[in-house]
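Visitor: Any chance you could fold what I've pasted below:
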Amino acid sequence: KTGMKAGLVLLALVLAVVEGSYFRQQPKVPSGWEKLDRAAPVQSLQLILAVKQRNVDVLQKTLLEVSNPKHANYGNYLTNTEITSLVRPSPESLKRVANWLASNNIDDIEFSRNSDFVTIRTDVRTAEKMLGTTFYNFRHIVTGKQETRSVSPYSIPEALEKDLDFITGHYFTPQMWHHSRKTSPLASSPLDANAPVLARLSPGSTRLGVFAGIKCLDGSLASSSCISAFTQLNVYLNGEKKFLSDSQCQTCDKWDGSYFTACNSTNSQYQVSNTDSVYCLVHVNNLPNYSPMKLKISSQFSQESAQFTYSGDVVLSEWVSPQSLQKYYGIPVGTIVNNKDSTQAVAEFLEQYYSQEDLTNWFSLMGLADMSAGNVISIGPNIQSQPGGEAQLDIEFIMGVAQNATTYFWSTAGRNKDEQEPFLDWMIALQNMNTPPLVNSISYDDQENTIDINYILRVETEFMKAGLRGVSLLFASGDDGCGGYLLRDDPNACQTSSPTWPSTSPWVTSVGGTQFLTDAYPWCSIHTCTTVGEAVSSTKTGSRITTGGGFSNIFSRPAYQQAAVDRYLKTAKNLPPTFFFNQTGRAYPDISAVAHNYLVLLEGELIGVDGTSASTPTVSAMITLFNDRLLSMGKSPLGFLNPWLYELMTSVPTAFTDITVGENSCSANPANCCPYGFPAAPGWDASTGIGSPNFELIYATL
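Guide: Numbers count the residues shown, from 1 in each chain. This next block holds a predicted model:
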């Protein structure tokens, strides 16, 4: 467990780097947004002022004590009132901020419960005068949604610089990136290369679904007349031709049901119309699960010269269900939550909603008793007629693994609609609760280098406050390997690794992703393996995503993981060169679970979903089950997990399955790859952390 001295040094190093930089920083406009006209003077704005807190060093010291299994204060969490008394801004700071707002005739003011955030509502004219800047309207190129933001630095009176950490609602703040990929390509190639992509592969079935973006002889995107010249696809697996005469091929608009859904999903990803693409069902037999296979697909047209071919690797895998998770991770059948204080939550952003009807029917299809009635507490907007894959995945699997747990579905109105920063809104609301959910599963991130450092540091304090109350925060590590989401669209976006925050925060638990394979052990490259194990989830081995992982460029390595990460850097083979990553940074992920082929019910259709947003609610649900046991014994919940996890890795190594095969150089589909990735290795590694949990062994140690 990390010691007090190391933790204090960590914070001091970070603060030394960024001192005095914020108020004169040039803001950045994220890619995908276009600047429009000047905002109207009477246009309304909402701004959030983060007032500086006191005693942050004491807050950190206390958190390290209550989270250290070897410390006398382990589990002795503080109440919200006690934390507020410790860090509440000084009366002098609050008075100066209030006087400044009054001098600008702002009277629509709301203080957070702890008085550390101030939400104000005003108009553009007043905000421009108060901050010395200019606001413009912006439009997102893809969604068409608009925001009002500034692209010039703001200024505040010098006397207030010691009172405010930042103001949000003025600049663009971190973007939301969901960590799930639906039943879309398992293997892919750019459509401009005339390559078909695999859209669905159903293990145990004799039907292989293939989507093909077709081009005409002149190289232009296919029209319906050109499509009519298409005759068939020839499919080869491991060199064996699988095309049969009873295969079905037709344009996507002519399919219905789940086949249309799969085709339409892939078309949306590649921006191809349903009349300009073909979806084929090719009948095959005896497809082996978890075994890598060579796939070759070629098209045939009535004109012999119009052909194209795709070659690549695919891996079939069974659908992941609560039962398969129980079986693999050793969760005894019938394990449910009995203590109503063992609560959990999924945090949703960007208008991600869930359907209770889908949730109820999913329980039935999984063969589970529906324990959602009376156990779901919905906070914020939830339009059940518009369910999202991310939200449905989260609530189905966190409730399917931690059955009978009181579960909060926490939906925060999106920045795109309300011109607010939804993640910060959620953190403020969480801190304002008398009894917040003990375990929180969050699929949210942005690349570290795109976020203002003062924003990050202040939210870090909020993470610490949550941990000091006994609250666990688990974040998905990302779906784009070590290169970040920009790598999806730009193969040159990976000159160095691009770590993602909040996974790089020292005060949260980062969850990576694995996939089931027979080639899950090093010796499988020499001898044929038949035993199913876990490997790094990667688009190179048939997953739709690649697990995020790497090293922070902001935070120094915390003491609780120092020994484990040092061993990795000294002993792992094929590490990236030193210029590619910060060898002294906080390393992530911390732990992993399977992230490939989760069976999700969405709008009445069963779909396969990949993502670290699948592994994150799975691990979160296990933590809820651990908390249930602890609370039933009269003990404290686990709270901030990392010191306990790394201590357990040392004291009970078999508590985790060590992942030793794979690496994370590539993005999610359609995949581009960095020249380097972080390899899996014995012990902790920068693709899967300390490995996946062995539930029964961990349960026995509590």
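Visitor: Please report how far Ile395 lies from Leu438.
Guide: The gap separating Ile395 from Leu438 is 17 Å, by CB to CB, to the nearest Å. Backbone N, C-alpha and C define where each C-beta goes, glycine included.
Visitor: So if I had to pick from the two, which one is more boxed in?
Guide: Each of Ile395 and Leu438 has its neighbours counted (other CB atoms under 10 Å); Ile395 has more, 28 against 24.
Visitor: what about Val42, neighbour count?
Guide: Using other CB under 10 Å, Val42 is surrounded by 9 other residues.
Visitor: With Ile383 instead?
Guide: Ile383 has 12 nearby residues by other CB under 10 Å.
Visitor: you'd agree it is up against Tyr354?
Guide: No: Ile383 is beyond contact range of Tyr354, at 9.7 Å (criterion: CB atoms under 8 Å).
Visitor: got a pLDDT number for Ser223?
Guide: Looking at Ser223, its pLDDT stands at 51.
Visitor: i'd like the first residue to be 742 from this point on
Guide: Sounds good: first residue 742 from here, last item Ser964.
Visitor: where in the stretch 992-1141 of the chain is pLDDT low?
Guide: 999, 1003, 1006-1013, 1017, 1021-1034, 1036, 1038-1058 (pLDDT under 70).
Visitor: Would you check that Val1363 makes contact with Ile1072?
Guide: No Val there; residue 1363 is Met. Yes: assessed by CB under 8 Å, Met1363 is found in contact with Ile1072 at 7.3 Å.
Visitor: so what's in contact with the two at the same time?
Guide: Residues touching both Met1363 and Ile1072 by CB atoms under 8 Å, 6 or more residues apart in numbering: Val1142, Phe1436.
Visitor: The two: who's more crowded?
Guide: Shown here are Met1363 and Ile1072; by other CB under 10 Å, Met1363 has more neighbours (25 against 21).
Visitor: The more buried one belongs to a strand, doesn't it?
Guide: No: under DSSP: H, G, I helix; E, B strand; the rest coil, Met1363 falls outside any strand and is assigned helix.
Visitor: Show the contacting residues for it.
Guide: Residues counted as contacts of Met1363 (CB under 8 Å, 6+ apart) are Tyr1070, Ile1072, Val1142, Ala1143, Pro1434, Phe1436, Ile1439.
Visitor: how close does Asn846 sit to Ile789?
Guide: As for Asn846, its distance to Ile789 is 19 Å (criterion: CB to CB).
Visitor: Quick check: chain neighbours aside, which residue is closest to Glu851?
Guide: If the residues on either side of it in the chain are set aside, Glu851 comes closest to Thr860, at 4.5 Å by CB to CB, 6 or more residues apart in numbering.
Visitor: what's the burial count for that neighbour?
Guide: 18.
Visitor: and it, backbone torsions?
Guide: Main-chain dihedrals, Thr860, degrees, to the nearest 10: phi -100, psi 130.
Visitor: So it is in contact with Val792, correct?
Guide: No: at 11.5 Å, Thr860 does not count as touching Val792 under the criterion of CB under 8 Å.
Visitor: out of Asn846 and Ile789, which sits in the more crowded spot?
Guide: Neighbour count, other CB under 10 Å: between Asn846 and Ile789, Ile789 has more, with 21 against 10.
Visitor: Can you check my assumption that that one lies in a strand?
Guide: Yes: remark: Ile789 belongs to a strand, assigned using three-state DSSP.
Visitor: So for it, what's the pLDDT?
Guide: We have a pLDDT of 89 for Ile789.
Visitor: go on, Ala1336?
Guide: At Ala1336, the predicted lDDT confidence score is 96.
Visitor: any idea how far it is from Trp1425?
Guide: Distance, Ala1336 to Trp1425, using CB to CB: 18 Å.
Visitor: Out of the helices and strands in the protein, which is least certain?
Guide: Using mean pLDDT, DSSP states H and E, helix 745-759 stands out as the lowest-scoring helix or strand of the chain, at a mean of 26.
Visitor: Tell me which helix or strand comes right after that helix.
Guide: Downstream of helix 745-759, the first helix or strand assigned by DSSP states H and E is strand 774-779.
Visitor: which residues touch that following strand?
Guide: Residues from elsewhere that reach strand 774-779, judged by CB under 8 Å, 6+ apart: 770, 875-882, 887-888, 892, 913.
Visitor: Let's see that with 6 Å instead.
Guide: The contact list for strand 774-779 (CB atoms under 6 Å, 6 or more residues apart in numbering) reads Tyr877, Asn878, Phe879, Arg880, His881, Ile882.
Visitor: what about the last one, distance to Val1393?
Guide: Going back to what we said before, that points to Ile882. In terms of CB to CB, Ile882 sits 51 Å off from Val1393.
Visitor: Which of these two has more residues huddled nearby?
Guide: Shown here are Ile882 and Val1393; by other CB under 10 Å, Val1393 has more neighbours (14 against 9).
Visitor: returning to that earlier point: how about the contacts of Met1363 in CSV, adding distance to Ala1114 and secondary structure?
Guide: What follows is the contacts of Met1363, written out as CSV (distance: CB to CB, whole Å; DSSP: H, G, I helix; E, B strand; the rest coil):
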residue, distance to Ala1114, secondary structure
Tyr1070, 26, helix
Ile1072, 22, coil
Val1142, 18, helix
Ala1143, 16, coil
Pro1434, 29, strand
Phe1436, 26, helix
Ile1439, 30, helix
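Visitor: Out of those residues, who's the most crowded?
Guide: So for those (other CB under 10 Å), the most neighbours sit at Ala1143, 31 neighbours.
Visitor: which residues in the stretch 1142-1291 of the chain form strands?
Guide: Counting by DSSP state E, counting those that start in this stretch, one finds strands in the stretch 1142-1291 of the chain at the ranges 1148-1152, 1180-1183, 1187-1188, 1213-1217, 1241-1242, 1250-1258, 1274-1277, 1291-1297.
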